[in-house]
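[1] What follows is a predicted structure for the sequence shown.
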Amino acid sequence: MQALDLTVEEIGPDGATLTMPITPALCREGDILSGQSLAALADTAMVIACTGAMGAVRPVATTNLDLQFLRPGVGAAIRCTARVTRMGKALIFTRATMTDLPSGKDVATATATFFQP
């Protein structure tokens, strides 16, 4: 996770926003950000969105993670905005959008389900 160099820009009851710089270590051939990096960013942002919605740090476990890659991430950084769409007694449903900076174009979207013990 440290290699991703994530910055938490915002966290609150409505969600979380994180930024990840695009570095050579995270890119594959062609200087395109790897899908694995986007998946880790999305998962982390959605976990932090759960924390914001719960109002406290509590353990959650990813039970499902689905990503849709829309275009290559080739800018300076990726901003991920995540929010909780439904919080149940045991399951939390989330959604995230990853945007290329500085272009502002969406590069991926994600949904995830988390279990809260």
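    Okay, I see it.

[2] make it CA atoms for all contacts and neighbour counts henceforth
    Will do.

[3] so what's Ile32 up against?
    Ile32 makes contacts with Pro72, Gly73, Val74, as judged by Cα atoms under 8 Å, 6 or more residues apart in numbering.

[4] I should have written Glu9 there, sorry.
    By Cα under 8 Å, 6+ apart, Glu9 lies in contact with Ala16, Thr17, Leu18, Thr19.

[5] Same question for Ile78.
    Thr19, Met20, Pro21, Ile22, Met98, Thr99, Asp100, Leu101.

[6] Out of these, give me the one that has the most neighbours.
    Met98 (27 neighbours; other Cα atoms under 10 Å).

[7] my read: that one touches Ala108, true?
    Yes. Counting by Cα atoms under 8 Å, Met98 touches Ala108, with 5.2 Å between them.

[8] tell me, what's touching these two both at once?
    Common neighbours of Met98 and Ala108 (criterion: Cα under 8 Å, 6+ apart): Leu38.

[9] Using the three-state scheme, assign the residue nearest to the spatial centre of the chain.
    Centroid check for the chain by Cα atoms, centre = their mean gives Ala42 as the closest residue, at 2.0 Å. Classification of Ala42 using DSSP: H, G, I helix; E, B strand; the rest coil returns helix.

[10] ditto for Gln36
    Here Gln36 is helix, with the state taken from three-state DSSP.
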